[in-house]
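>>> Any chance you could fold what I've pasted below:
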Amino acid sequence: MNRFRTMVVVLITICAGPAFSQAWIDYYSSIDDFRIHTPGEFEVSETFYSSEYGVELPARVYSYEPGEDYYAVTVVDYTQSERLHEERARNEAEYLLYWEIDIRASVAYAATNFRQRGGEVTYDAYHYIDRIEGHQLQITNEDNSRTYAAMYLHDSRLYIVEATVEPGSLPPGFFQQSLQFMDENGVRIRYENFLEANKVRTSCGGVQEGIACNDWTR
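Residues are numbered from 1 along each chain as shown. Model (predicted):
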């Protein structure tokens, strides 16, 4: 069974010009727990992502390329960050500190990577979805195409949403704004406050140095 389930729930016609329209798909990944509207069927590939502190992390790229446009969701798995940092650290104090810093810095680091691509940054600001914090960028590239990027950290996974469209095209706001985070049962997560929105998962369990510890650190 293909675990990347695509659900066509609603077809929406978006007019991008006098003679152009396209049907959008409600795409759901049961592996990476997200849902998003995309203008076409994603291709899914596995890769590695270099973190700010030099760890190679597994990642999946969901991408669709109609013509010169590009739509993608990249999900970077930081859940093994502690183990990976421990394997490469020079001493215990180093990995005990930096495995979590690497996760918490992931949104800022991803945003920096987009800025360093070049072009003119025309929008650069904090953003959140259902109390899950992140950042958004808009960039006019050297060829006058436009890149719209957003990144969010949830459950020790970094979600990077990117769309690049040709000059003169309408902004792909529907793609970016339709992102939803899902639980293990496929139900949309809607946190009531920011404290509930878990950023970093920890494996400490039980009690650590007299402080109660569950499966999460915020």
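>>> and Tyr64, how many neighbours does it have?
Look at Tyr64: counted by other C-beta atoms under 10 Å, it has 19 neighbours. Heads up, the C-betas are built off the backbone N, CA and C, glycines and all.
>>> what residues are up against it?
Thr38, Pro39, Gly40, Glu41, Phe42, Glu43, Tyr70, Tyr71, Ala72 (C-beta atoms under 8 Å, 6 or more residues apart in numbering).
>>> Apart from its chain neighbours, what residue comes closest to the last one?
In this structure, Ala72 finds its nearest non-sequential neighbour in Ser63, 4.2 Å apart by C-beta to C-beta, 6 or more residues apart in numbering.
>>> ok, that neighbour to Arg131 distance?
Computed with C-beta to C-beta, to the nearest Å, the distance linking Ser63 and Arg131 is 28 Å.
>>> hey, where'd the helices end up in the protein?
Taking DSSP state H as the criterion, the chain carries its helices at 81-88, 92-104, 106-115, 173-177.
>>> of all these, which lies closest to Ser156?
When the helices of the chain are compared for distance to Ser156 using C-beta to C-beta, the nearest one is helix 92-104, at 5.8 Å.
>>> who touches the closest one?
Helix 92-104 is contacted by residues 51-53, 55, 78, 81-82, 84-86, 88-89, 153, 156, 199-200, 202, 217 when judged by C-beta under 8 Å, 6+ apart.
>>> For that helix, list every residue counted as buried.
For helix 92-104, the neighbour count (16 or more other C-beta atoms under 10 Å) marks Tyr95, Tyr98, Trp99, Glu100, Asp102, Ile103 as buried.
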